[in-house]
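> Make a model of this:
(2 chains)
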Amino acid sequence: MAMIEFEHVGKRYGGRFEALADLNFAIERGEMVFLTGHSGAGKSSVLRLLMALERPSRGRIAVAGHDITSLHVSQIPFYRRQIGVVYQNHQLLFDRSVFDNVALPLIIQGATPQDARRRVHAALDKIGLLHREKALPIELSGGEQQRVGIARAVVTKPAMLLADEPTGNLDPQLSADIMRLFEDFNRIGTTVLLASHDLALIARLRHRVLKLRDGRLIGDEEAA
Amino acid sequence: MSQKPRRNAQSTEKSRRGARSHQITFESRTRAWRRHHGQMAVDSLHRLRRRPLATLMTMLAIAIAMVLPASLWLALGSAQLLDSNLDDSARMTLYLDPALSESQAMDITDRVRGESDIASTELITAAAGLESFQQRLGMSDALAMMDDNPLPATILVQPRSRDPDVAQALAERLGQLEGVSDARLDMAWLERLRQLSELGRRVVLAFGVLFALGVLLVVGNTIRLAVESRRQEIEVVTLIGATHAFVRRPFLYVGVWYGLGGGILALILLTLGRRWLSAPIDMLASGFGSHFTLPGIGLGGSVLLLICSTMLGLIGAWLAVSRHLADISPR
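Predicted coordinates:
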C-alpha cells in the first residue's frame, strides 16, 4: 500500500489562482522522494495539503490508505501526530531550551516525563546535539537549529517525514550533512518527502524526483 | 517506484513498532491529561507573576467591575431585611372610638378575636399607647401639657392570610364593627416598598449583567493580547498535533487566575469599603435609635462572588482563544 497517494488533486486559492492542477502520484512506504520546481510551482501547496493545513479543491489525498481530505477538524491533530515536519525556518520556539523544543511533540501526545527524556535524548544524540540540550535555539548556528528542528520532527518516530526546503538557508557542506540525516531516517524505514529547489544537491543524492511546474507534474524520475 | 525488499521488511517492522507505541491506554491518557492541567496551571501562574503590574491592573479592573454590583446587591439585601420585618407587620390597626371605656375596648377585642381569618389580636389601651409614644419620641413634655389623652385605644390585628385582597376584605369587615372608628391596612406603602425592592432587584440584575459583560471584555481582551504574543507558539504546537483543548488550556488557566485574583481583590475592596463606611453609618443609625449595621458579604456570598468571577474569567478566556483557533483551521 502506498504511503502517499494524490488522485486528481487540484487546489485553487481565492477561486482564481490555480496552485495545483490534476496532480497524480504515489509514494510507497519507505521511499525517499524529492519534490522540485521553481518557487510557485506548487511544492509548498503539496506539503500544506499533506499536513492538513489546507484542503484540496478537487481530488483525493490518501496517507497510509486513509483519505485525509475528509478529516474532521477534531481528527486533524491526531493525524498530524503521525507525521514529522521539518521547516525551512525550523519553527523552533525561542523562549525555551533545545530539550523543551524537541520534547514538545511528546508532551502534546502525553508521554510521561521519563519516557520523554529518554526519547529526546535519543533524538538529540542522533543529530549530534545532545551536549546542547540546555541551550536556547538563539545560541545555536543555523545548521544546528535545523538539526534541532529535525530532532523534533523525528522524536515521535513518525512513519512519514515531510521537509520544506530544509537546506534553504544553509551552505553546501551543512546541506549535505542535513541530507545525510534524512537518508539515515529513511534507511530505518521512514518515508521521506523533501521539497527543495537545490538541483545540484538533489542530483548528487540518487533518489526519486517529482518535478512540478505551474501546479502540474512534469517529471517523475526514478532513483538512479 | 520499485521497492527494495530489504527496505520493505524494515518498514513493516518499523510500522509495527510505531503501532505499538501508539497503543496508549485510557489510564495513561488520563494521567497525561491531568499532568498537563497541573503544568499549565502552574505555568500560567508563573507567566502572570513575571508581569506583576499588568496582572494586578487586570485583576483590579475585574475587581472593580465585581465590587459595584456586589455592593448594590448587599444594599438591596439590607433593604430586603427591612422588607421581611415589615412582612410580619402586614397587620391592620383598628382605631376605636375615643369615647369608649377600657372595658368596652376589651369587649370589642374579644369580638374581633372571634372573627374568622384572625391570627392574633393585641389591645393597646389609650394609656399604654400614650406611654409608648412618649418613650419613643421623647416628647413627654409636650404631651404632658395636654389635658386629655389624644390617642384612641387601638387593636393590632394580625390576619391569618398574607394575601392583600383577603386582608383588604377583612379590614373592611372589621371597620363595620360597632365601636371601631377606622380600620387601617397599611397595604399601600407596603406595596410601594415591594415595588421599590423589585426595582432594586432589577437594577442590581441589570448592573450585574453589564458588569459581568465588562469582566468578560477585560479578560477577553487581555487574553487576546496574550494569544497574539504567543501566536507563533500556538501555530507551532498546532502544526505538530496539538488539539484545540491543548492550545486553549494555558489561556484558560490565565483566565481562571485573573478571575480568581479579581474576585479576591473585590472581596478585599468590599471589606475595606464596609469598614470605612461602618463608623459613620453606626453614628447615623444610633441617631435614629436604630441598630442598623451594614451587612457583610458573608461566607456564602464570598464563595458565590469568587465562583462568579472565576467563571467569568474562564468564559472570557474561552471566547478569546476560540476566536483565534477558528482563524487557523484548514480551509
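> Spatially nearest residue to residue A:197 (excluding sequence neighbours)?
residue A:36 (6.0 Å; CB to CB, 6 or more residues apart in numbering or on different chains). To be clear about C-beta, it is placed using only N, CA and C from the backbone, and glycine gets the same treatment.
> Show me where the chain has its helices.
Chain wasn't specified; assuming chain A. Ranges of helices in chain A, per DSSP state H, are A:43-50, A:76-80, A:98-108, A:113-127, A:142-154, A:172-187, A:199-204.
> That was the other one, I meant chain B.
Under DSSP H, chain B gives helices at B:5-21, B:26-50, B:52-88, B:102-114, B:126-137, B:140-144, B:164-175, B:187-229, B:231-239, B:244-287, B:298-327.
> number of nearby residues for the residue of chain A at minimum distance from chain B?
Nearest residue of chain A to chain B (CB to the nearest CB) works out as residue A:110 at 2.8 Å. Other residues near residue A:110 come to 19 when the count uses other CB atoms under 10 Å in any protein chain shown.
> Just want to check the distance between it and residue A:29.
Separation of residue A:110 from residue A:29 (CB to CB, to the nearest Å) stands at 27 Å.
> Identify the residues contacting the residue positioned nearest the centre of chain B.
Nearest to the mean C-alpha position of chain B, by CA atoms, centre = their mean, lies residue B:73 at 5.5 Å. Residue B:73 is in contact with B:204, B:208, counting by CB atoms under 8 Å, 6 or more residues apart in numbering or on different chains.
> cool, residue A:132 as well?
A:98, A:124, A:139-140, A:144.
> hmm, which of these are the buried ones?
A:98, A:124, A:140, A:144 (16 or more other CB atoms under 10 Å in any protein chain shown).
> In TSV, list those residues along with pLDDT.
Formatted as TSV, those follow (pLDDT from 0 to 100):
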residue	pLDDT
A:98	95
A:124	94
A:140	92
A:144	91
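> from those, which two are the most distant?
A:124 and A:140 (11.9 Å; CB to CB).
> What confidence value was assigned to the closest residue to residue B:60 other than its chain neighbours?
Residue nearest to residue B:60 in three dimensions, not counting chain neighbours: residue B:265, with 6.0 Å by CB to CB, 6+ apart. In this model, residue B:265 is scored at 96, pLDDT.
> What is the burial count for residue B:265?
Neighbours of residue B:265 (other CB under 10 Å): 20.
> Can you tell me how far it is from residue B:51?
With CB to CB as the criterion, residue B:265 and residue B:51 are 17 Å apart.
> re earlier: where does the residue of chain A closest to chain B land on pLDDT?
87.
> Thought residue B:28 was touching it, still the case?
Yes: at 7.1 Å, residue A:110 counts as touching residue B:28 under the criterion of CB atoms under 8 Å.
> How about residue B:278: what's its closest non-neighbour residue?
Once flanking residues are discounted, residue B:278 sits nearest to residue B:294: 5.5 Å by CB to CB, 6+ apart.
> Residue B:96 now?
Nearest one to residue B:96, counting by CB to CB, 6+ apart, is residue B:153 at 4.6 Å.
> show me the residues around the one you found that make contact.
Neighbouring residues of residue B:153 by CB under 8 Å, 6+ apart: B:96, B:98, B:100, B:102, B:105, B:123-126, B:129.
> Please apply the same query to residue A:197.
So residue A:197 contacts A:36-39, A:43, A:165 (CB under 8 Å, 6+ apart).
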